[in-house]
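Novice: The amino acid sequence is not available; the structure is as follows:
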């Protein structure tokens, strides 16, 4: 708990911390667009079956030019339940009788139809080419589009597991973490480097190994016991936190990625929607910080994660003709998804002990990545009921927000350094309040 004393000597928010945040920001800027790119590379344009009298320039059925393209389309493609040209079937033979405006042919049987055996014609007004048009991932093969997204996100999951440890080589290791794993010499080196970068010239003389050992005496004694993966589930309080945080991350990530990578299924202008999301990202994250400071960790998550689900559910009830309202709801859903992600990350960091925080966050992160990779598969359910995937994406975060209430509040409370701190959190916090001593608390 005394690490704040050392941090104050080297600068708690100076040039070093700003450089670290800038480096992380650059990495996120490079990585994040790859997930959202699916809205463009896997977009599904309007399509219909290829038919000879419309699409084969060598066919001479309409040489005189008497019939329009709409007439030829009418006799070639049946209408679906929405009275629009069917996307997946065509008439076996042209139905010329359909051109009679006042004709009612009671004796005419239902015309025979067939699948798009000769391929499809795609609307290229918005996208000249996508993986859907290149590989014909429509109709009977439309589930393959969701599977392609599933494989992409599964690759991210595998990458997070395999390459997670490499981050320690690219970034300066946490001095606090080095102390709690019994590496005070390396911790002192990192603290002096931070002090130098932050311009704290006198800290070099003040920061000595004796100061570090004296200040962090309890943490160094606790570090003599090595922590392992199984320690996450050995004690009841920590086990409960890991399970609940993993469940929240799993449920939330399903909906966050389900919304963000499926914008094209909302039948809105994905280019405009992506621009609106880019504009709203910064104010949305500022709102998240404000809510964390004024509502606490639990209530802010209950508020933002629930609104994420409500925004998605509301889209279901808005007709496609009301494009502006659908765009507003989708933008709000994207904004609340960004805030929800940030708030859940903050809460998880503050609930986990420093000695095993990296491992615990890895387990929770894997749960979230599993949810993200599964999210595209729910879109396959559109074949049974068009709104079913969106109902699932809307209900799951609401359930996740209720799970948050089972976790303790961490605002203005001491960060746990060891598993023992987690198990004895209530008793330690009461002692701290009684003594009214200066400790590090989790406030921005």
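Specialist: Nice, I can see it. This one's a predicted model, so the numbers in the text were calculated from it and none came from an experiment.
Novice: if I pick residue 239, what's in contact with it?
Specialist: Each residue near residue 239 by CB atoms under 8 Å, 6 or more residues apart in numbering is listed here: 232, 233. Bear in mind the C-beta positions are built from the backbone N, C-alpha and C, glycine included.
Novice: The strand or helix carrying it: how far from the chain's middle?
Specialist: Assigned by DSSP states H and E, residue 239 belongs to helix 236-260. The chain centroid and the centroid of helix 236-260 are separated by 12 Å under CA atoms, centre = their mean, to the nearest Å.
Novice: can you pull the buried residues of it?
Specialist: 237-238, 241-260 (16 or more other CB atoms under 10 Å).
Novice: And the next helix or strand past it?
Specialist: Next element after helix 236-260 (DSSP H and E): helix 270-316.
Novice: what packs against that following helix?
Specialist: helix 38-41, helix 236-260, helix 323-351, helix 388-404 (3 or more CB pairs under 8 Å, 6 or more residues apart in numbering; DSSP states H and E).
Novice: lowest-confidence stretch among those?
Specialist: Mean pLDDT is lowest for helix 38-41 among the helices and strands packed on helix 270-316, at a mean of 84.
Novice: For that one, what is the distance to the chain centroid?
Specialist: On CA atoms, centre = their mean, the centre of helix 38-41 falls 15 Å from that of its chain.
Novice: Following the chain past it, name the next helix or strand.
Specialist: Counting by DSSP H and E, the element after helix 38-41 in chain order, helix or strand, is strand 47-49.
Novice: Point out the other helices and strands that that next one packs with.
Specialist: strand 89-91, strand 120-122.
Novice: Turn the ones you listed into TSV, including mean pLDDT.
Specialist: Converted to TSV, the helices and strands packed on strand 47-49 look like this (pLDDT from 0 to 100):
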stretch	mean pLDDT
strand 89-91	89
strand 120-122	91
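Novice: circling back: so which of the helices and strands packed on helix 270-316 is nearest residue 92?
Specialist: Residue 92 lies closest to helix 388-404 among those, at 31.9 Å (CB to CB).
Novice: Buried residues, that closest one. List them.
Specialist: Buried, per 16+ other CB under 10 Å, within helix 388-404: 388-390, 392-394, 396-401, 403-404.
Novice: repeat for stretch 195-211
Specialist: For stretch 195-211, by 16+ other CB under 10 Å, it's 195, 196, 197, 198, 200, 203, 207.
Novice: try stretch 143-163
Specialist: 143, 144, 145, 146, 148, 149, 150, 152, 153, 154, 156, 157.
Novice: OK, contacts around the fifth one?
Specialist: Meaning residue 148. Applying CB under 8 Å, 6+ apart, the residues near residue 148 are 42, 131, 137.
Novice: which residue sits closest to the second one, ignoring its sequence neighbours?
Specialist: Translated: residue 131. residue 42 (5.4 Å; CB to CB, 6 or more residues apart in numbering).
Novice: picking up where we left off before, to residue 312, which of the helices and strands packed on strand 47-49 lies closest?
Specialist: The nearest among these, by CB to CB, is strand 120-122 at 28.0 Å.
Novice: which residues touch the helix or strand following the closest one?
Specialist: Once the chain leaves strand 120-122, the next helix or strand it forms, by DSSP H and E, is helix 131-135. Residues outside helix 131-135 that contact it (CB under 8 Å, 6+ apart): 41-45, 47, 122, 127, 137-138, 141, 144-145, 148.
Novice: buried set for helix 131-135?
Specialist: 131, 132, 133.
Novice: What of stretch 38-48?
Specialist: 38, 39, 41, 42, 43, 44, 45, 47, 48.
Novice: And these, which is closest to residue 309?
Specialist: residue 39 (20.6 Å).
Novice: got any ranges where the stretch 51-200 of the chain has weak pLDDT?
Specialist: 57-65, 101-109, 163-168, 170-173, 176-177, 179-181 (pLDDT under 70).
Novice: In space, what's closest to residue 373 - neighbours in sequence excluded?
Specialist: Per CB to CB, 6+ apart, closest to residue 373 is residue 153, 4.0 Å.
Novice: Distance-wise, check residue 90 relative to residue 100.
Specialist: 20 Å (CB to CB, to the nearest Å).
Novice: Those two: which is more packed in?
Specialist: Using other CB atoms under 10 Å, the more surrounded residue of residue 90 and residue 100 is residue 90, with 22 against 9.
Novice: got a pLDDT number for residue 432?
Specialist: Note on residue 432: pLDDT of 46.
Novice: Same check on the one 10 residues further on?
Specialist: Looking at residue 442, its pLDDT stands at 52.
Novice: One more: residue 4?
Specialist: Note for residue 4: predicted pLDDT of 63.
Novice: again with residue 317
Specialist: Reported pLDDT for residue 317: 90.
Novice: Same question for the one 3 residues further on.
Specialist: On the pLDDT scale, residue 320 is placed at 81.
Novice: begin at 45 from here
Specialist: Yep, numbering from 45; the last one is residue 364 now.
Novice: Phi, psi for the residue lying closest to it once chain neighbours are set aside please.
Specialist: Leaving aside its sequence neighbours, residue 364 sits nearest to residue 311 (CB to CB, 6+ apart; 5.6 Å). Dihedral pair for residue 311: phi 60, psi 50, per degrees, to the nearest 10.
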